[in-house]
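Asker: what follows is a protein structure lacking sequence information:
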């Protein structure tokens, strides 16, 4: 059975942009949406009403939330030791699938990359201790994959200064930790030559949003693409959403 999973950073809670966000989600027609920066439960409730995705969970102050077309057996927010943010575990009622919604710390610098590495290692230890089968990790990782480059000149002056203080470049290692742990970058596997930029919508130049699955399940991700065509997408958020099709 095909299952459509959407990852979407809604920027600053999405307040005031609910109609645009709902239009983007409706066009994607997902079975499950995992939001990041969804810190206002009232926005998630309104998006549920406007999209017809009636199952939902959000918690004020937590970044990750969801909307679902199918019943959810269980959802929990977890904050592993060493992590500044909670991640979300979503176990669906029907499909053989567990989804981990992730939003790692932001900002391009040596120090924040080390923080993301700690957050990801804590998450991996938590997941590995529970021996999940088919599962995906999805969300805004706020970092670059191996071989991908950041044009620091496109950053705001304050953030360019942080890169300069980091020695002029940031050594991105967070995604490599996940790859070394046996996970596959679904978008890159399916689109080895596509840049796949997801941020920012007004001047796309970096890929921050990802779908990962354990390598033994990578062929169960049959499609993964960045949604850029909806005329509302640039008004809705600073991130383009990422849509994956899974065989469950």
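Answerer: Thanks, I have the structure now. These figures come from a predicted structure and were not determined experimentally.

Asker: the bottom helix or strand of this protein by mean pLDDT?
Answerer: Lowest by mean pLDDT, DSSP states H and E among the helices and strands of the chain is helix 157-165, with a mean of 48.

Asker: next SSE downstream of it?
Answerer: Using DSSP states H and E, the helix or strand that directly follows helix 157-165 along the chain is helix 174-180.

Asker: all strands for the chain, in order.
Answerer: 2-9, 32-36, 55-57, 65-68, 72-78, 87-92, 98-103, 135-140, 183-185, 209-214, 221-226, 242-247 (DSSP state E).

Asker: name the residues of the first one that are buried.
Answerer: It stands for strand 2-9. 3, 4, 5, 6, 7, 8, 9 (16 or more other CB atoms under 10 Å). Every residue, glycine included, has its C-beta placed from N, CA and C.

Asker: adding pLDDT, write those out as CSV.
Answerer: Shown next, in CSV, are these (pLDDT from 0 to 100):
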residue, pLDDT
3, 96
4, 98
5, 98
6, 98
7, 98
8, 98
9, 98
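
Asker: of those, which is the nearest to residue 143?
Answerer: Nearest to residue 143 among these: residue 9, at 13.7 Å, using CB to CB.

Asker: tell me the contacts of the closest one?
Answerer: 35, 36, 37, 103, 139, 140, 209, 237, 238, 239 (CB atoms under 8 Å, 6 or more residues apart in numbering).

Asker: from those residues, which two are the most distant?
Answerer: 139 and 238 (14.9 Å).
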